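Engineer: The sequence isn't on hand, but the structure is:
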Ligand SMILES: *[C@@H]1O[C@H](CO)[C@@H](O)[C@H](O)[C@H]1NC(C)=O
Ligand SMILES: *[C@@H]1O[C@H](CO)[C@@H](O)[C@H](O)[C@H]1NC(C)=O
């Protein structure tokens, strides 16, 4: 073994340790089978967890599969929300799951932290309500007859449990590092904003009982919004995210808007510290895939348009045949019959 080789390995190891990143637990989403986390000893082997998360895992083995589902939910939603943007939330098969962009204090990192902590809160709450877990069930504190005259069913979504679990499991990484670094403050803020996106959008769902659908008796429960709604809310927060910096007020450190003319952010807003790269060129060192080969919209002036998406490099145009349903007719009673039509559309991809 040459000294150069040793030195290089050592450097790589140091880089690997320091790029260890608070969202590494999202790697759980890469585990496929349900129930794959079923024994305490599995917790030790899970990739991407820090020691304190391993301990939480051991004490809450039955909840871990919901954590995995929450991570998957978050990644899928992120990819949906960012499908038309240069950074499209692709995951890598290595750690960190989203590449280095998310280890920096960028706007994209803000979104990933928020949607992930929301994903865990959501999936755990869902599991509580559906009776999958021994430690929690429905929220029965909402019961009796409402002022509006309907009956509470006694099985509302137990969002308090889901949120508390997300706070324990997701936030522990920031807390164990000492929550005074500006990155820790940023991550904790965005984690909380993600959970708020569920809490502030809880709704009342009802079911009618009575003769032939009449609503003589109505039972209702508090329910979480669909996760798509949470994604939409957080994507809007991403677009309006506030750039912040750390300031000391008395003996506590806080994040304040960098531009003092902006109004202060609220608990629900996303905040970031570092500006993002332009995501134009392939740069695997930073986990940036670049936009070569991405589809773009020739007529759009927005970020999905070829001009912006392809970063001025231009694009290829190809004619592709798509099959669609057409000439649909309604038949009495009751079905709709369609023909299959082929049409040729232009498809544009970035150079
Ligand atoms: C994101 O874009 C890259 C090309 O830049 C593509 O390879 C990848 O499949 C896309 N990911 C998703 C999730 O759409
Ligand atoms: C392309 O962009 C235009 C203008 O924003 C929009 O009307 C159109 O629906 C888009 N096409 C596709 C295929 O998304």
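Structural biologist: Thanks, I have it. Everything quoted here is computed from the prediction, not taken from an experiment. Ligands and ions are numbered 1, 2, ... in the order given.
Engineer: C-alpha only now, for contacts and for neighbours.
Structural biologist: Fine.
Engineer: and residue 296, how many neighbours does it have?
Structural biologist: Number of residues near residue 296 (other CA atoms under 10 Å) recorded here: 25.
Engineer: And the residue of the chain found nearest ligand 2, what's its pLDDT?
Structural biologist: Residue nearest to ligand 2 within the chain (CA to the nearest ligand atom): residue 300, separated by 4.0 Å. Residue 300 is assigned a predicted lDDT (pLDDT) of 95.
Engineer: In three-state terms, label the residue in the stretch 251-351 of the chain positioned nearest to ligand 1 for me.
Structural biologist: Relative to ligand 1, the nearest point of the stretch 251-351 of the chain is residue 291 (4.4 Å; CA to the nearest ligand atom). Recorded secondary structure, residue 291: coil (DSSP: H, G, I helix; E, B strand; the rest coil).
Engineer: residue contacts, residue 337?
Structural biologist: By CA atoms under 8 Å, 6 or more residues apart in numbering, residue 337 lies in contact with 328-331.
Engineer: so who does the residue of the chain closest to ligand 2 touch?
Structural biologist: Contacts of residue 300 (CA under 8 Å, 6+ apart): residue 306.
Engineer: so how far is residue 84 from it?
Structural biologist: Distance of residue 300 to residue 84, given as CA to CA, to the nearest Å: 11 Å.
Engineer: ok, now residue 120?
Structural biologist: For residue 120 relative to residue 84 (CA to CA), the value is 25 Å.
Engineer: Now do the contacts for the residue of the stretch 251-351 of the chain closest to ligand 1.
Structural biologist: 86, 279-282, 309-310, 350.
Engineer: again, 7 Å this time
Structural biologist: By CA atoms under 7 Å, 6 or more residues apart in numbering, residue 291 lies in contact with 86, 280-281, 309-310, 350.
Engineer: Among these, which ones are in helices?
Structural biologist: Counting by DSSP state H, the part of those found in helices is residue 309.
Engineer: and stretch 306-326 with ligand 2, contact?
Structural biologist: No: Stretch 306-326 lies out of reach of ligand 2 by CA under 6 Å from any ligand atom, never closer than 9.7 Å.
Engineer: that older thread, from the contacts of residue 291, which would you call buried?
Structural biologist: By neighbour count, with 16 or more other CA atoms under 10 Å, the contacts of residue 291 hold 86, 280, 309-310, 350 as buried.
Engineer: Pipe the residues you listed into CSV and attach pLDDT and distance to ligand 1 per row.
Structural biologist: Shown next, in CSV, are the buried ones among the contacts of residue 291 (pLDDT from 0 to 100; distance: CA to the nearest ligand atom, whole Å):
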residue, pLDDT, distance to ligand 1
86, 94, 7
280, 95, 9
309, 97, 10
310, 97, 10
350, 97, 9
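Engineer: Kindly reformat those as TSV and extend each row with distance to residue 59.
Structural biologist: Listed next are the buried ones among the contacts of residue 291 as TSV, based on distance: CA to CA, whole Å:
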residue	distance to residue 59
86	40
280	44
309	46
310	49
350	49
